[in-house]
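Participant: this one's sequence-less:
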């Protein structure tokens, strides 16, 4: 089995905030990420697919097709948007942390990757150049 | 003369929007950057100072002191903030494009760099990994 | 004046070869770059435009429009092509070194950038992560 | 066990093409990668070796020795070459996709890494800054 | 389970040297790394923590808290220091190779990460842009 | 005229220290860089040469020849060395700051670049990923 990773990018705004908490509690827990008027990131997304290279084409899956799916299912909905307000498939009661974003992305992509003939293996999301998260589906 | 560059980073939300225009005009001119609910970036800021290295210390200016000034005058005010709403020294009628941000940063830093004994030479701002602007003060 | 840079990428094959020389002379001058069966690179292209930010939009030029022009005039013709064989506007008797490529790109873009309202300032081309060239038009 | 990774780079030309298919079928499946006159990439290769650090030297394997082997067995044969035409150990009927290249590299390196006293763990190959593949030997 | 990685950086001097060996033996085994008067690196450290995102905060662990611990336990003691001479918790008879450094860092961080509510999963250390090591604790 | 830049890298130890000052004065001025037992960096060096591309070869200068000169005159003497102690052409009374290093490198390279047929235009030195200096020879 070989793993193929395709990288896509998106820019988005978000904030971390729990309505049931006071502003002081939000500030204490989330620091500057609780800023009332939002802040944002250039996110870098790695989608990794596992499979046997096709004996004729040499592809695990066609990276072009994979890119089309990532754009259609994920980045077209997240790029230049507000993750708290603008994304229908992002549950309103879920904090838009990178940890939660990768789980949502996994769900959006899993079956489409299977349809391409591969197996979704890992979602990696770089939030800044100093923080990233990885998710393997379980 | 040697140029010394210190790099700092900040994450911020913004949108590009002209109130006098219709939403369609804004969309046509600014594309996805006009998204009503904001979007954001990881900005990377390069501050370049010119001068003669001190014969004793070998410094154009002390990079540590320069970093303190950049944080105090610029990134502490921009990081995890909304550039349209949260930054007192950013004029309300000025679009928060990278072109305008570097000019504001130049004004915020110029005299403080002179006080350190250097000469502000260039402000570079990376908005994404594919777009950056440079400003030389005139 | 502010400088705005837009980055685009293309992958291409080339070789360096002078027909009038013997294979040994070509090998001596061009080293592995003279390999008969071609080799290639992931090129990274920086196009820098100079101008005054528009008082309303805050743009030197619209980076989206600039990207469209770079693709239409340059990268659509170079990407996944052979620089010695496939590019009509690349003179046959000109070695496809990065030095010559930036001069050709300058000519292809100059007037279109003027039409956008900016002034073409610099073309930078990264050939590998260890070699890049810059051209200022003269 | 600790994993040590050594990175090397090479530039090469290739194309993806199945002789039994029409040009239209090749274009449909391989897109721009089927360009008749080749295209190329700057490849970045990560070779990861697993083992217990030696109690005296603190090395899993000597990174210098590992580099020598990667160059001698792999990059000296691939750098500035055409992967379809110039590489004796690359089977003619195998598409030079990154997926197939990592499997060939694994076979070239496995026993030599064992001779160094380590265990080959992973081959990673970056084809562009947006696509990479990983192979763990099975 | 999601993996969260926080990156920190430090600069340090070291040399590789076995007292029981002759200078020639040290040079043969360690090459330029045996230079008597030290040399150094900009190290980049990735600390990866595994866990279930908290249902309220969306955090595996708070990246800010994780950063505080990494600084307090590791980088404050290694940054701008000599790894052979200045680090009390680095055993004198252990070569300061990246392989050994990651094992020491693992021990320094493991219990503190557990106290934060996460599970230390991986330590990655980039020694140069061409060499890095990974350690999973066993 | 086109500018060609070749990048080379070296790792070295150094400290910043004025003998005539007390340890407290050194600490105040140089901070952690005054650490008695040295610290170090992975330096990245850009050497930029200006000239007219040769009408036959398309080269400003041959990048391979330039690399040979940089190694022979500069990096072979600095890599895995101590900048305060091990480098004969580095004056003992000069602090090994990046500002002073680029001036020394300029002197070491200038005439050899002229011999290659180019004109030394700029030396850039990255000390960490957050600090770099540039020198244009005057």
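Facilitator: Received it, and whenever you're ready, just let me know what you need. Computed from a predicted model, the values in this text were never measured in an experiment.

Participant: which residues of chain A fall in strands?
Facilitator: Shown for chain A, the strands assigned by DSSP state E span residues A:2-14, A:39-51, A:81-82, A:119-128, A:131-135.

Participant: Quickly compare those strands and say which is most buried.
Facilitator: strand A:81-82 (a mean of 25; mean count of other Cβ atoms under 10 Å in any protein chain shown). Using the backbone N, CA and C atoms, a C-beta is placed for each residue, glycine as well.

Participant: which outside residues touch that strand?
Facilitator: Here strand A:81-82 makes contact (Cβ atoms under 8 Å, 6 or more residues apart in numbering or on different chains) with A:12-14, A:38, A:87, B:35, B:37-39.

Participant: Report the entries of these that also contact chain F.
Facilitator: Among the contacts of strand A:81-82, proximity to chain F is found for none (Cβ under 8 Å from any Cβ of the partner chain).

Participant: can you tell me which of those lies nearest to chain D?
Facilitator: Taking Cβ to the nearest Cβ as the measure, chain D sits nearest to residue A:12 out of the contacts of strand A:81-82, at 19.0 Å.

Participant: List the buried residues in stretch A:50-58.
Facilitator: Buried residues in stretch A:50-58, counted by 16 or more other Cβ atoms under 10 Å in any protein chain shown: A:50-51, A:53-54, A:57-58.

Participant: Quick check: the residue of chain A found nearest chain D vs residue D:130, distance?
Facilitator: Of all residues in chain A, residue A:58 sits closest to chain D, at 3.3 Å by Cβ to the nearest Cβ. The spacing between residue A:58 and residue D:130, counted by Cβ to Cβ, to the nearest Å, is 18 Å.

Participant: doesn't residue D:94 make contact with the residue of chain A closest to chain D?
Facilitator: Yes. If you go by Cβ atoms under 8 Å, residue A:58 and residue D:94 touch, sitting 6.7 Å apart.

Participant: what's the overlap in contacts for those two?
Facilitator: residue D:100.

Participant: show me the contacts for residue A:40.
Facilitator: By Cβ under 8 Å, 6+ apart, the contact set of residue A:40 is A:11-14, B:11-14, B:38-41.

Participant: change it to 7 Å
Facilitator: A:11-14, B:11-13, B:38-41 (Cβ atoms under 7 Å, 6 or more residues apart in numbering or on different chains).

Participant: and if you look at residue A:105?
Facilitator: By Cβ under 7 Å, 6+ apart, residue A:105 lies in contact with A:74, A:123.

Participant: Residues in a beta bridge with residue A:49, which ones?
Facilitator: residue A:4, residue A:120 (DSSP bridges).

Participant: how about the lengthiest helix in chain A: buried residues?
Facilitator: Criterion DSSP state H: the longest helix present in chain A is helix A:98-116. Neighbour counts over helix A:98-116 (16+ other Cβ under 10 Å) mark A:98-106, A:108-109, A:112-113, A:116 as buried.

Participant: any idea how far the residue of chain A most remote from its centre lies from residue D:19?
Facilitator: For chain A, the residue at maximal distance from the C-alpha centroid (Cα atoms, centre = their mean) is residue A:56, at 31.8 Å. Separation of residue A:56 from residue D:19 (Cβ to Cβ) stands at 11 Å.

Participant: can you check residue A:77 too?
Facilitator: Counting by Cβ to Cβ, the gap from residue A:77 to residue D:19 is 41 Å.

Participant: which of the two has more neighbours?
Facilitator: Taking other Cβ atoms under 10 Å in any protein chain shown, residue A:77 and residue D:19 do not tie; residue A:77 has more neighbours (18 against 6).

Participant: Grab the nearest non-local neighbour of that one.
Facilitator: Distances taken as Cβ to Cβ, 6 or more residues apart in numbering or on different chains put residue A:87 closest to residue A:77, at 5.7 Å, once the chain neighbours are dropped.

Participant: so the one you found sits right up against residue A:78, yeah?
Facilitator: Yes. Using Cβ atoms under 7 Å, residue A:87 is in contact with residue A:78, at 6.3 Å.

Participant: So for these two, which sits in the more crowded spot?
Facilitator: Neighbour count, other Cβ under 10 Å: between residue A:87 and residue A:78, residue A:78 has more, with 25 against 20.

Participant: Tell me the bridge partners for the closest residue in space to that one that isn't next to it in sequence.
Facilitator: Leaving aside its sequence neighbours, residue A:78 sits nearest to residue A:10 (Cβ to Cβ, 6+ apart; 4.7 Å). Residue A:10 has these beta-bridge partners by DSSP bridges: residue A:43.

Participant: if I look at residue A:53, how far off is residue A:4?
Facilitator: Distance, residue A:53 to residue A:4, using Cβ to Cβ: 9 Å.

Participant: Report the set of residues contacting both of those two.
Facilitator: Common neighbours of residue A:53 and residue A:4 (Cβ under 7 Å, 6+ apart) are A:60, D:99.

Participant: and residue A:51, what does it touch?
Facilitator: A:1, A:60-61, A:117-119.

Participant: My error: substitute residue A:80 in the last question.
Facilitator: For residue A:80, counting by Cβ under 7 Å, 6+ apart, the contacting residues are A:11, B:32-33, B:35, B:39.
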